[in-house]
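In: pasting the sequence and the predicted model now:
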Amino acid sequence: MINSYNKKIILTFLFLIGLGIHAQSYKSIKPIKGEIVFREISKIIDRKMFEKSLHLTGEKLKQNLKKSFQKDEEYAGREKEIEEWCNASAEAMKLIYIEDSTQIHSYNFEDNLQSFSSHVILTIVENKKETKKINGYICYKVVYEYKEDEKSNDEDFMDFAGNVIYKREMWVTDEIQCLYHPVVFEKSILEKYYPLEIKETDNTIHGFVTKYILQSIYLQ
């Protein structure tokens with residue numbers, strides 16, 4: 001049976017792991033075979049702003065976790081342990097934001113293994129007047145904001161986790177109709193758009209950006 005401490009830690013780490021006018025005539029593609037590959041690039045673009053916001057967010061996380069533990073009678077008199085746990089959680093959060101890290105995300109369409117997220121979509125804004133071509137596909141701009149679908153009776157934890165809002169600025173195409181994507185897992189987004197370039201930020205860590213750049217795409 002999971003005790004209250006383990007529940008807090010599990011929730012914390014799940015949250016941490018979990019931070020143009022289109023007037024062309026074309027026939028959309030519904031791929032059943034092929035591969036799409038994105039390169040993920042994470043980068044600090046303003047170090048001063050980044051370090052300040054990372055410190056403030058880490059301190060807020062520690063304070064919220066500390067309040068949560070202190071309300072639980074099980075941890076009465078265990079202030080030193082609580083301090084260590086809260087510090088460890090704050091350090092774990094900082095590890096998410098690694099400067100100049102690069103990863104490769106690929107998807108084979110024939111596998112059809114994607115599961116969808118339960119993210120809460122807050123806003124979606126289309127701009128079909130801004131267009132560009134990516135690997136031959138005509139794309140337009142879509143910006144949406146979302147947050148994690150965190151569920152907890154712990155008010156202090158939710159005061160932190162429930163207020164983090166993620167923003168994605170994307171170049172999307174209508175020429176590909178598919179619910180499978182190696183980066184975007186919101187079904188409601190993929191039902192309308194197919195993203196070929198993505199920039200992600202959030203409202204807690206400033207001066208840091210993650211981009212997903214299309215490396216290759218082969219569809220049948």
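Out: Ah, there it is. Since we're looking at a predicted model, the values are computed, not measured. Residues are numbered from 1 along each chain as shown.
In: contacts, neighbours, all on C-alpha from now
Out: Will do.
In: does Ala90 really touch Lys62, like I thought?
Out: Yes - judged on CA atoms under 8 Å, Ala90 makes contact with Lys62 at a distance of 6.2 Å.
In: can you map out the strands along this structure?
Out: Using DSSP state E, the strands of the chain run over residues 34-44, 101-108, 120-134, 137-147, 166-173, 194-202, 208-219.
In: any idea which of those strands scores lowest on pLDDT?
Out: Per-stretch mean pLDDT for the strands of the chain is lowest at strand 101-108 (a mean of 72).
In: for that one, C-alpha coordinates in CSV please.
Out: What follows is strand 101-108, C-alpha atoms only, in CSV (Å, rounded to 0.1, in the frame of the first residue of the first chain):
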residue,chain,number,x,y,z
SER,A,101,20.4,19.2,-25.0
THR,A,102,19.4,17.3,-28.2
GLN,A,103,17.2,14.3,-28.6
ILE,A,104,15.7,12.5,-31.6
HIS,A,105,12.0,11.5,-31.8
SER,A,106,10.8,9.2,-34.5
TYR,A,107,7.6,7.5,-35.4
ASN,A,108,6.8,4.6,-37.7
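In: paired strands for it, with orientation please.
Out: strand 34-44 (antiparallel) (DSSP bridges).
In: only C-alpha atoms, please: export the strand it pairs with in PDB.
Out: Taking C-alpha atoms only, strand 34-44 is exported to PDB below (Å, rounded to 0.1, in the frame of the first residue of the first chain):
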ATOM      1  CA  GLY A  34       6.500   5.600 -43.400                       C
ATOM      2  CA  GLU A  35       8.500   7.400 -40.800                       C
ATOM      3  CA  ILE A  36       8.700  10.900 -39.400                       C
ATOM      4  CA  VAL A  37      11.800  12.100 -37.400                       C
ATOM      5  CA  PHE A  38      12.100  15.300 -35.200                       C
ATOM      6  CA  ARG A  39      15.200  16.700 -33.600                       C
ATOM      7  CA  GLU A  40      14.500  18.200 -30.100                       C
ATOM      8  CA  ILE A  41      16.700  21.200 -29.200                       C
ATOM      9  CA  SER A  42      16.500  22.700 -25.700                       C
ATOM     10  CA  LYS A  43      18.300  25.900 -25.200                       C
ATOM     11  CA  ILE A  44      18.800  28.800 -22.700                       C
END
